[in-house]
Every structure is written in structure tokens, then in C-alpha cells.
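Trainee: I'll drop the sequence and a predicted model, then ask my questions.
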Amino acid sequence: MLDISGADQLKDVVMKVYKNKVERFIIDMCDIKSVDSSGIGALISIFSTLRKLSCPLVIIAVEGPVMHALETSRIKGYFTIARSMQEAVSLLGA
């Protein structure tokens, strides 16, 4: 589950990796079975921060309850979502 504890950890990891000069991000959600409002907030925060830094982000393997949460909160279109790593890499032009 991506909840408040995982949300803060995810934001910290992304920013640490960005400081190491990473230019593109892929977040794999295959092991995330549910997400709460803190998790959604973290994804929005990460996406917004990376966009300001001109660092593209693609989220992959968003399914089931996680996809439902994004659709219900009407923010699914806010993110670039891919079905697979190969599709994400292609979207990022890597």
C-alpha cells in the first residue's frame, strides 16, 4: 500500500535519486495494491516537482484499486501512465 509512511519515503527516494543527476524517472507500481490520499498526494507532489525541474516521469503497472483511486480522484490524466517498462522507456525517449 502506498500510504503516508510509504508516501514520504517515496518522495525522499525520488529526490535523492534526482540529486544524482538522473534525467528521467519511471515509478513501477506493480507491487502497490492500494493507495490512499497520502499516496496520491505524494505522486502529485513528485510529478509537479519533477516537471518544474524538466525531468519527465512515467508511472507503470497501475492496475486494479490503484487505477480506480486515480480515476475516482479524477487525476489519472495528470500522469503519464504506461503498461510496461518497454512502453515507459519509449515514452521517455530513452
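Mentor: Arrived safely.
Trainee: State the phi and psi torsions of Asp28.
Mentor: As for Asp28, its main-chain torsions (degrees, to the nearest 10) stand at phi -90, psi 120.
Trainee: ok, it touching Ile60?
Mentor: Yes - Asp28 is within contact range of Ile60, at 5.2 Å (criterion: Cβ atoms under 8 Å). Heads up, the C-betas are built off the backbone N, CA and C, glycines and all.
Trainee: and these two? which has more neighbours close in?
Mentor: Ile60 (20 against 15; other Cβ atoms under 10 Å).
Trainee: What residues does the more buried one make contact with?
Mentor: The contact partners of Ile60, taken as Cβ atoms under 8 Å, 6 or more residues apart in numbering, are Ile26, Ile27, Asp28, Met29, Cys30, Ile81, Ala82, Arg83, Ser84, Met85, Glu87, Ala88.
Trainee: Out of those residues, list just those in strands.
Mentor: With DSSP state E as the criterion, strands contain Ile26, Ile27, Asp28, Ile81, Ala82 from among the contacts of Ile60.
Trainee: helices or strands up against the lowest-mean-pLDDT helix or strand in the chain?
Mentor: Using mean pLDDT, DSSP states H and E, the weakest-scoring helix or strand in the chain turns out to be helix 64-72, at a mean of 89. When contacts are defined as 3 or more Cβ pairs under 8 Å, 6 or more residues apart in numbering; DSSP states H and E, helix 64-72 packs onto no helix or strand at all.
Trainee: Which positions within that helix qualify as buried?
Mentor: Within helix 64-72, the residues that count as buried by 16 or more other Cβ atoms under 10 Å are Val66, Ala69, Leu70.
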